[in-house]
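S.K.: Could you look at this predicted model? Sequence included:
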Amino acid sequence: MSEIVLDAVEVSRDFDVSKPWLQRVVSREPKRTLRAVDNVSFAISRGTTLSLVGESGCGKSTVARLAVGLYAPSGGEIRFEGQPLSAARAQAALRRRMNMIFQDPYASLNPRWRVRDIVAEPIRAFGLLTARDAITARVGELLTQVGLAPADGEKYPHEFSGGQRQRISIARALSSEPEFLVCDEPTSALDVSVQAQILNLMRDLQQRLGLTYLFISHNLAVVRHMSDRLGVMYLGRIVELGPGEDVFRTPRHPYTRLLLDAIPDLDMVGKSRTPVGGEVPSPIDPPSGCTFHPRCPLANDRCRREKPAHTKHGNVLVACHAVEEGRTA
Amino acid sequence: MNAVARFIDSDFLYSFRRSPVAIISALVALVCVFGAILSPWIAPHDPFDLASLSLMDSFKPPAFMADGENAYLLGTDDQGRDLLSGIMYGTRISLFVGVLAIGFALAVGITVGLVAGYMGGTVDAVLMRIADVQLTFPAILIALLVDGVVRAVLPREFHEKIEIYVLVFAIGIARWPQFARTVRGSTLVERGREYVMAAQVIGLSRARIMISHILPNVLGPVLVIATLNLGLAILDEATLSFLGVGLPPTQPSLGTLIRIGNDFLFSGEWWVTIFPGIALALMVLSINLLGDWLRDALNPRLR
Amino acid sequence: MPLLEVQNLTVEFPTRRGVLRALDGISFDINAGEVLGVVGESGAGKSLTGAAIIGLLEPPGRVAGGQILLNGSRIDNLSRDKLRPIRGKQIGAIFQDPLTTLNPLYSVGRQLVETIQTHLKLSDRDARERAVQWLEEVGIPAARQRIDAYPHEFSGGMRQRVVIALALCAEPRLVIADEPTTALDVSIQAQIIALLRGLTRDHGTSVMLVTHDMGVIAETADRVAVMYAGRIAEIGPVRDVVKHPAHPYTEGLMGSIPSLEHRVERLRQIDGAMPRLTAIPRGCAFNPRCPKVFDRCRNDRPELMEAGVTRAACWLYARGAAHV
């Protein structure tokens, strides 16, 4: 097995969602916490892409932020190149090797900065280059690499379209010469033809620079296109984790199957199907046992009582009593 | 396109050119500001030059009245000082106090707002409660209080020299909470944006993120409020001076002039108080109208 | 006669830098009981088309040319007062965000009853009964108990169901649904699409479904219009447009969508971006990005012409073109 770049071991993250202190004391309410990420483990090998997919509120964006150290885990540990993440982030030489690409191309670039300063910021922050000319040359190189012109550096973000802004965002992420990139829904705000451009660019860059990606998305087709390994998340937990091809060819967890069934697809012209009912419950007050049981066609008493552990099926880890017991109906 | 050409072509200038109110108030404000700044050179008389004053000239009515003299366009006061010149010098002092006070309030308010909004939690709660408490008192009351305390603390011989800065400090302290609240609100919005997260990921310090990333993006609204508050600060100064706790008659601001003139209002020499009053009203009104227009012009939702 | 006829519709936005033409002479029909999908990327003018039809263009936008006919009579030149009863009674609307459609201060029942009574002569009791029926029909569990609940007491998916009930309760002939599932999670999207499709089929309602999601169109629509830079690039039966696109833009668009069924090394991409309204190229608006561009495309603007089963605005299909 190749070298592990990022390694998450039983990571959890809680958020305090209590009312303000005074209000809580007056109305005698207890503190309330929301478990956004619950006991999540995964590892990403160098030069590969691990995708996390799930609906809103499943905790995938929280994992993204945990992975670059924007949040600290409430439990468990994240290691970057074998070192605890907090220790790794304390060293500029290691911190430089991870960076992030964001979802909203309109909010991820400071509107008051010129593009050349946006792209150069990590270079300056880490002191990778100091001479003015060298920085200008490097910024031009980075902009060319993402399909823009060096002269674009003089402009402000509002002069660019959404897709071009996302290219700028990628150039900024690359400017610290990272090896590991966390991509939080990088194309979900873009039109499909632009999405194709950005996805192709990200794959090209990965091959050329040997990048490792943690790719977060709600779009299964995009995830299928991008990932080597895939984790499906539901209410803070990874319910199925394995090589992308295996998960897509034989989805095992009922939720993965539901998702794959639910997606409107070009190949579905004229076909009809029976959609699965129910909606994602609130993570503040999750269901008992397996959190998916209220929507699951295979649920029984054990599912309502007992949280399922991950069991191995081929190359795939699945957290489901029904799959473990071989129940199918 | 260079910066000048871009400005001439901007929506901002376009909306200015289409707003008669904005143009007129800008003109009035400009006349006030230039008349005030240039008063030592363009004023017809020097009201501080005791040698040129003569009690013989006191209470001369404005030039357009029967007893008026062309040398004293708006008449003279009880000591024979030319009212027009007095107003010009007074406006200069009023503007000076107003601008410095707002500058001081801005510096305090922006710092507090940025820190409270970005740090959140207890720091935010403490700073904002202070602002809240202060906001429950009228600004003029705070200014009176601060002014009184400073006067009591400082030895008497300093009073004359630093009175103007005491006033700046008092008005500035009275007006910072509004800036702090506005900046905090905008900071809360900006803090959640992804460009701030991008800066956090590469490990920039909090101070650097606040100053180089958030500050430029929260300045717009607060500068609009500053314009509106400039008018209020000038009124604060005038009020304090009118109440007699502001500037002494040796350094007459518009407020001082109005107070002096007030004594003669009912004895027939109305011009001594009315003209400074009109000057004050015109200046504050034009600044406020300009501020209103600025707020609308910079608000993308109204465009 | 088609239920809705849009002929040569042009929408303009006067700005100080000149008049921007956001919709440039588009024409299409919707037949009774038909679902017409309208797809395109942001800025193509698809939402604007819907807004123009229901007379809800945001000023300073205005219909500058062409006509819109409902049941053969013009509705584009009606005054606000005459248009209001048509909106709701004849044309219903469903928007992307259910929160902006529902009034948070009124219970969903009250909003339904109000809409029903505005357009149908029913007593309070009958209207309320009808409201309960509609809530049941859109799949709200325990509708009779929940009719007096407020919008915030419903989840996102349930709220969108209420919006659908609200749009259909006056039994309009046509529903304009603008990105009805975009704000929803994928597993709920499928429920809503199925619901909308089933209900409109049962009631014989025509639908104009505006979305950027080709997958949604593929599953829901009978015919589809592909828009590009304020014009219709291609229109035809959904199967043909998806499987055998005629216009090079449609072809590129379909190729750029990643598939769930099979994985490819590289997605097909159309380089560049859709032009801004201020800089629409001469000739065919797509010509700078088109892999099959030739001289005529750079000079003359193509109208929709027969291209096999579909109709495409592309010179490749001009009579006697040697390039096909």
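M.R.: Yep, that arrived.

S.K.: Verify the stated contact: B:Ile164 with B:Pro248.
M.R.: No. B:Ile164 is beyond contact range of B:Pro248, at 9.8 Å (criterion: Cβ atoms under 8 Å). (Each C-beta comes from the backbone N, C-alpha and C, glycine too.)

S.K.: the more surrounded of the two?
M.R.: The residue with more neighbours, out of B:Ile164 and B:Pro248, is B:Ile164; 19 against 14, by other Cβ atoms under 10 Å in any protein chain shown.

S.K.: wait, what's in contact with C:Asn287?
M.R.: Taking Cβ atoms under 8 Å, 6 or more residues apart in numbering or on different chains, we find C:Asn287 in contact with C:281, C:293, C:297-298.

S.K.: what helix or strand is the closest residue to it other than its chain neighbours on?
M.R.: Leaving aside its chain neighbours, C:Asn287 sits nearest to C:Cys297 (4.3 Å; criterion: Cβ to Cβ, 6 or more residues apart in numbering or on different chains). Using DSSP states H and E, the element containing C:Cys297 is helix C:295-299.

S.K.: what's the pLDDT at A:Arg224?
M.R.: Here the pLDDT value assigned to A:Arg224 is 90.

S.K.: who's in contact with the helix or strand hosting it?
M.R.: Element membership for A:Arg224 (DSSP H and E) is helix A:220-226. Outside helix A:220-226, the residues that touch it by Cβ under 8 Å, 6+ apart are A:49, A:51, A:53, A:187, A:195, A:199, A:202-203, A:213, A:215, A:217, A:230, A:244, A:248, A:259-260, A:263, A:265, C:186, C:257-260, C:263-264, C:267.

S.K.: Now, of those residues, which are buried?
M.R.: For the contacts of helix A:220-226, a burial check counting by 16 or more other Cβ atoms under 10 Å in any protein chain shown picks out A:49, A:51, A:53, A:187, A:195, A:199, A:202-203, A:213, A:215, A:217, A:230, A:244, A:248, A:259-260, A:263, A:265, C:186, C:257-260, C:267.

S.K.: Of those residues, which belong to helices?
M.R.: Judged by DSSP state H, these include A:195, A:199, A:202-203, A:244, A:248, A:259-260, C:186 as members of helices.

S.K.: can you list those residues in CSV and add pLDDT and distance to chain B?
M.R.: Output for these, formatted as CSV (pLDDT from 0 to 100; distance: Cβ to the nearest Cβ, whole Å):
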residue, pLDDT, distance to chain B
A:Gln195, 92, 18
A:Leu199, 95, 19
A:Met202, 95, 17
A:Arg203, 94, 22
A:Gly244, 92, 26
A:Phe248, 91, 30
A:Leu259, 86, 26
A:Leu260, 85, 30
C:Val186, 79, 23
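
S.K.: How about C:Glu306: what's its closest non-neighbour residue?
M.R.: C:Tyr317 (6.6 Å).

S.K.: Could you report the neighbour count for the one you found?
M.R.: Neighbour count of C:Tyr317, defined by other Cβ under 10 Å: 20.

S.K.: That one and A:Leu109: what is the separation?
M.R.: 42 Å (Cβ to Cβ, to the nearest Å).

S.K.: Can I take it that B:Val170 is in a helix?
M.R.: Quick fix: residue B:170 reads Ala, not Val. Yes. B:Ala170 sits within a helix when classified using DSSP: H, G, I helix; E, B strand; the rest coil.

S.K.: Against chain A, how distant is it?
M.R.: B:Ala170 sits 32 Å away from chain A, taking Cβ to the nearest Cβ, to the nearest Å as the criterion.

S.K.: what's the burial count for that residue?
M.R.: 30.

S.K.: looking at chain A, which helix or strand is least sure?
M.R.: helix A:21-27 (a mean of 77; mean pLDDT, DSSP states H and E).

S.K.: ok, then the element right after that one?
M.R.: Using DSSP H and E, the helix or strand that follows helix A:21-27 in sequence is strand A:33-45.

S.K.: That following strand pairs with which strands, and in what direction?
M.R.: strand A:4-16 (antiparallel) (DSSP bridges).

S.K.: Return the set of buried residues in the partner strand.
M.R.: A:5-8, A:11-13, A:15.

S.K.: Now tabulate the residues you listed in a markdown table and tack on pLDDT.
M.R.: What follows is the buried residues of strand A:4-16, written out as a markdown table (pLDDT from 0 to 100):
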| residue | pLDDT |
| --- | --- |
| A:Val5 | 95 |
| A:Leu6 | 95 |
| A:Asp7 | 94 |
| A:Ala8 | 95 |
| A:Val11 | 96 |
| A:Ser12 | 95 |
| A:Arg13 | 95 |
| A:Phe15 | 90 |
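
S.K.: Those residues of chain B touching chain C, which are they?
M.R.: Counting by Cβ under 8 Å from any Cβ of the partner chain, chain B comes close to chain C at B:Tyr14.

S.K.: need the contact list for residue 244.
M.R.: Chain wasn't specified; assuming chain A. A:51, A:223-224, A:227-230, C:263.

S.K.: wait, I meant chain C there
M.R.: Residues in contact with C:His244 (Cβ under 8 Å, 6+ apart) are C:308-310.

S.K.: So which one of those is the model least confident about?
M.R.: When these are compared, C:Gly308 shows the smallest pLDDT, 87.

S.K.: Chain A contacts on the stretch 201-324 of chain C?
M.R.: Counting by Cβ under 8 Å from any Cβ, the residues of the stretch 201-324 of chain C close to chain A are C:212-216, C:218-220, C:238-239, C:242-243, C:252-261, C:263-264, C:266-271, C:273-274.
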